[in-house]
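Q: With the sequence up front, the predicted model follows.
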Amino acid sequence: MPLIKNFKVDARTIIHLGRESIKDHATALLELVKNSYDADASVVEIEIYKKETLDKIRIADDGLGMTESDIDDHWLRIGFSEKRNVKFSPKGRRKTGEKGIGRLSTDRLGEDLQIVSIANQGNRTDINGIRICWELFNQDNQDLSGVPIEVIETPLAALPLAKKTDTGTELIISKLRHNWTKENIEALRNELSILTPPFSDTKDFEIFLQNDVSPEFNGKISPPDFVLPEIELIMVFNSSSSDIKYDIKDKFNGDKLKSGTIKWAELSHKVIDPFDLPFASENLSCGSVIIKLLLYPRTKALAEGTNFSLSELREYVDKNVGVKIYRDNISVKPYGYVGSIIGNDWLGLAERHSRNPAGIDRPEYRVVANQLVGAVFIGRDDNPNILDSAAREGLVENDAFFDLRAITLSAIALLENHRYSIYQVQKKRGANTNPSHSETAVIFKAEVKSAKEDVDKLKQLIKAPMHLFTENELKKTVDDIAQFVEASEKASFSFTDLLNHNRVLAGLATIGIASAVFGHETQGAITEFRESAIIAREYLSIEPIELNIIIDELEKSIKYGEQVAAWGKFALSRVQREKRKKEKRNIKEIIEGILNELTEVFKPVDIEIKNDNLISLEAQVYPMDIESILVNLLTNAYTACLQKNHHRVIKVELFTGEQNGVKGYYITIANSGHPIESSFKDWIWEPLNTLKKDSTGRETGTGLGLTIIKSIVEDLNGTKEILIDEELGGAKFKIWLPLT
């Protein structure tokens, strides 16, 4: 018979599985609330006391409770969970935990634990209690089984006041490890409010919170009153069939449903994933899924006809925003949780929109992440291939998870298509679907100015001791930054509309071309702007407040905001009526004006502008003609410069000169990019001919910019020429126009 050896378990294993493996104290407390849910509790009371002589957390429920054998054979047996064998509670709830280590989250909260539990044992009531000092496990060379657990001989328990049964469990945790703050309490309340889906019918499970840190959050925890979305979509996939059913309704058509059935092989083509993660194109491995999506555009129109103000609507969306995963009606962190570094935007919606910021009037419209509230419903039994990660939070990113992600993205695509269709119907009816770009630009400029003032205030505050900060000062700063972020979102929509509606600029194709070239850079600035502002806002909610980081992020945000504002001002100023009148103007001032307005566009890509050789010259001109020539030439030069990784220079000159005895002036624009081959020097002026290509060789230019210049120059009896600039080595465009 072979010799036998056994593992020995060090007592510190408890610490590794408990306090060291749980992210924070809110997550630890949530684990204990989930245990109450599994125990068929209808009421859970949470008490957190950190002031005066009290230093404890109490969690009490009216669940089934534990007998002495339950405590000995189940609770005190680490890694064992009867939930693997008994998957459903007597009430029919699918139990959430199966690892048998959630109970160790009490160690994350405090050093000492007292448990008193009352259960029905046959025809009698069984009450049992134990005390655990977690620090006894933090010893060298201590075997796990050698740490004593004290039995409470005459246990007493104060079960929930609103109890519906005579059974339940009370946990009292003392010698707390963390200093709970107002922000912690608020975050806990918010997480508890979405522990079960905020818009589903989870019944018979109530949570009450009592604390002395921020009493304003005391009371019953429940999601905000439901707000009617603009669009609601429900998708149902049963793994026994390849058919996917969906229902869509919107506030414009009342309760009228648009229903359909589609096979995954067809629907999979609608998946738009910015990260190109793999997924099955035919047979999904994720199992049965129900998806519910609610779209809330943050507009005044959405609040009309409801009992909610716009601020209440935004508060509702802010608390519930994100597409969360609910397994057996309990949320799976961190998916869709605002503030989570990993998992918050698990679908990549922000990146998806950033890569294609098309407006609602375009078929390729993409939803903005902060407008979407949603839930993906799965179950342990229906989705056996979707597995828990080794840590407390998250799921294993296997094929089943990627398929779950893909079907959720397909549901979002259906919602987007429906919203685009609604817009088209409204447009035909003459509804006012577009905001004023001019008004948006003015508001955005004011918000940038306000943000600058906030940064100045923060710079003053940082010099003062922390205790001098007043709650009102910080609250106002947070509110201002929130408004700043909101203004950026509106500016993003307005800017996108400007790019996609260049025909509204009265046929001025020049602005359309410039929008296509500069627009991508400016949209990138919008993304950076919003991200910096959001980061600053998040740091304001973290203790201790890192003002240096907040100021840095806000200053970055302002820098990007000024880039966006500069482009908006430039584009809008091109359409002024007086520019279409012939008048005596200083050509040098027109050129300098264009260059000054484009400075913020050229700066981020390190393009240097040389305009030292500009003479002062007056002429009778249509300002729009001169500006169209300049903008198109500068657009070409901008694109050419980007082909070089360094030494990006554009040189602009203005000087007088005669041709055939006629007095006139030359405008030349040269760049440090590649020169234009002689064989293309005539061809490039013709309509739709372009040399602009991306890295794959695909044409990216419109082929209209130089055609516009050619048309203007010929109408004015001028000349045009393409040379190689001796100083910069790139193309040099030389335009001559008569003075008369």
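A: The structure has been received and is ready for your questions.

Q: If you count neighbours, what's buried in stretch 410-418?
A: Neighbour-count burial for stretch 410-418 flags 410-416, 418 (criterion: 16 or more other Cβ atoms under 10 Å). The way it works is simple: take the backbone N, C-alpha and C, and place the C-beta from them, glycine included.

Q: cool, and stretch 141-149?
A: Val147.

Q: That one: how far from the chain's middle?
A: 47 Å (Cα atoms, centre = their mean, to the nearest Å).

Q: Show only the entries of the buried residues of stretch 410-418 found in strands.
A: Helix and strand membership here follows DSSP state E; of these, not one is in strands.

Q: wait, which of these is closest to Ile534?
A: Distances from Ile534 to those, taken as Cβ to Cβ, are shortest for Ile412 (21.0 Å).

Q: From Gln371, how far out is the closest one?
A: With the distance defined as Cβ to Cβ, to the nearest Å, Ile412 ends up 11 Å from Gln371.

Q: Quick check: which element contains the nearest residue in space to Val227 that is not next to it in sequence?
A: With Cβ to Cβ, 6 or more residues apart in numbering as the criterion, Val227 has its nearest non-adjacent residue at 4.8 Å, and that residue is Tyr316. Per DSSP states H and E, Tyr316 falls inside helix 310-320.

Q: which other helices and strands contact that helix?
A: helix 300-303 (3 or more Cβ pairs under 8 Å, 6 or more residues apart in numbering; DSSP states H and E).

Q: For the nearest residue to Asn586 once chain neighbours are set aside, give me the pLDDT.
A: Sequence neighbours aside, Glu618 is the residue nearest to Asn586 in space, at 5.3 Å (criterion: Cβ to Cβ, 6+ apart). For Glu618, the pLDDT comes out at 90.

Q: and Glu618, how many neighbours does it have?
A: Here the count is done by other Cβ atoms under 10 Å, and Glu618 has 12 residues near it.

Q: before we move on, back to that, how near is the residue nearest to Val227 to Asn190?
A: Taking Cβ to Cβ as the measure, Tyr316 and Asn190 are separated by 12 Å.

Q: cool, and Ser36?
A: For Ser36 relative to Asn190 (Cβ to Cβ), the value is 19 Å.

Q: The host helix or strand of Val601: what's the following helix or strand?
A: Taking DSSP H and E as the criterion, the element that holds Val601 is helix 587-602. Heading C-terminal from helix 587-602, the first helix or strand you meet, by DSSP H and E, is strand 607-610.

Q: any idea of the mean pLDDT in that next one?
A: If you average the pLDDT values across strand 607-610, you get 90.

Q: same for it, what does it pack against?
A: Strand 607-610 is packed against helix 587-602, strand 648-659, with contacts defined by 3+ Cβ pairs under 8 Å, 6+ apart.

Q: Could you list the buried residues of that strand?
A: Taking 16+ other Cβ under 10 Å as the basis for neighbour counts, the residues of strand 607-610 that come out buried are 607, 609.

Q: Run through who's touching that strand.
A: Surrounding strand 607-610, the residues in contact under the criterion Cβ atoms under 8 Å, 6 or more residues apart in numbering are 595, 599, 602, 638, 641, 648-652.

Q: what about Glu266, neighbour count?
A: Glu266 is flanked by 11 other residues according to other Cβ under 10 Å.

Q: Just the buried residues of the helix or strand encompassing it, please?
A: Element membership of Glu266, judged by DSSP H and E, is helix 264-267. Of the residues in helix 264-267, those buried by neighbour count under the rule 16+ other Cβ under 10 Å are 264, 267.

Q: Now Leu76: closest residue in space, sequence neighbours ignored.
A: Nearest one to Leu76, counting by Cβ to Cβ, 6+ apart, is Ile149 at 6.6 Å.

Q: for the one you found, what are its contacts?
A: Ile149 sits in contact with 76, 130-132, where contact means Cβ under 8 Å, 6+ apart.

Q: Now do it, the pLDDT please.
A: Here the pLDDT value assigned to Ile149 is 89.

Q: Against Arg103, how distant is Ala28?
A: Here Ala28 is placed at a distance of 11 Å from Arg103 (Cβ to Cβ).
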